[in-house]
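1. coordinates only, sequence not included:
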């Protein structure tokens, strides 16, 4: 198969899109029960070319172009999982997932629990999410909080190419259904990938930058924004901001966040999703509960607004950016 040797040998620089493609390829090479299915994933290779070349190398029986029917994609995946397959479903854009939401919540999330564990549901639902690409509503949503609220689902979000490569493989290996969010505006970000490095567990958070002034916690597309903010704060004001990539939204792994907040006394949670009833709100609530006596300021949130996604010409005002993150840090330090 083309490029197969680069999946397992040698460090190299890859984009997130290429890392996801290589991760899918590696999983399909290991296990013939892994299937990829979705709208235009085969001959076209996906709208973002994440599945480019997979149908050519693995055939139409393992990389399936489906009708434009998300409920049908998820429903078929449930049936395939019952028969022992490990389907990976691609939802073309975040806002297109809702016709399949009923199947995800009513069937996919419940079957393993309903069967007392006798029926695994190893289904991965890949969803490109978030804004920043100049697209309209239905193409720039951040619906992760809706899925994190559903018992029976695991929800993760990769924030860089290295995590994308490993996390998609780990998700495919999970016997629970995994909703896998990919930050579409980071598909072209690059990083050095060494397949020989042992990855962290799928459902864990990571400290990406150490610091002592305040803590920034984020996931998906806003991780890079937080890292950029930490560099800017260090250069301009000498602040040392600790940056944590949550990675797993359900279950949440907040021990690294707790450890950080107990040292810094301040936390800013950054997310593109609306603030109301969000993952960011859950993180804030748990930190206020478990780190109450360590906090020197209230937990602050920098998020998208509680409105539908705006026209593309206005999205720069909607999305959290470096200035909004740094303003929240200043407000936290002012307490």
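-> Perfect, I can see it now. As the structure is a computational prediction, the values presented were derived from the model and not from experiment. Numbering: from 1, shown residues only.
2. Check which element follows the helix or strand residue 249 falls within along the chain.
-> Element membership of residue 249, judged by DSSP states H and E, is strand 248-250. Going down the chain from strand 248-250, the next helix or strand is helix 255-264, by DSSP H and E.
3. could you point out which element follows that following helix?
-> Sequence order places strand 267-274 as the next helix or strand after helix 255-264, per DSSP H and E.
4. how big is the angle separating that next one from helix 255-264?
-> 130 degrees (axes from the mean of the first three to the mean of the last three Cα atoms, to 10 degrees).
5. distance of residue 133 from residue 12?
-> Applying Cβ to Cβ, to the nearest Å, the value for residue 133 to residue 12 is 26 Å. C-beta here means a position set from N, CA and C on the backbone, and glycine is covered the same way.
6. quick one: the strands in the chain?
-> Along the chain, the stretches classed as strands by DSSP state E are 12-15, 34-38, 63-65, 86-90, 124-129, 154-157, 178-183, 190-193, 206-209, 214-218, 241-245, 248-250, 267-274, 300-304.
7. mind listing what the closest residue to residue 318 other than its chain neighbours touches?
-> Once flanking residues are discounted, residue 318 sits nearest to residue 310: 5.1 Å by Cβ to Cβ, 6 or more residues apart in numbering. Residue 310 makes contact with 137, 317-318, according to Cβ atoms under 8 Å, 6 or more residues apart in numbering.
8. which among these end up buried?
-> The neighbour count (16 or more other Cβ atoms under 10 Å) marks residue 318 as buried among the contacts of residue 310.
9. taking the contacts of residue 310 one by one, which sit in helices?
-> Those of these mapping onto helices are 317-318, per DSSP state H.
10. now, which of the contacts of residue 310 sits nearest residue 272?
-> residue 318 (8.5 Å; Cβ to Cβ).
11. Residue 233: neighbour count?
-> 22 (other Cβ atoms under 10 Å).
12. just the one 10 residues further on next, same as before
-> Counted with other Cβ under 10 Å, residues neighbouring residue 243 total 25.
13. Do you know the pLDDT at it?
-> The confidence metric pLDDT takes the value 98 at residue 243.
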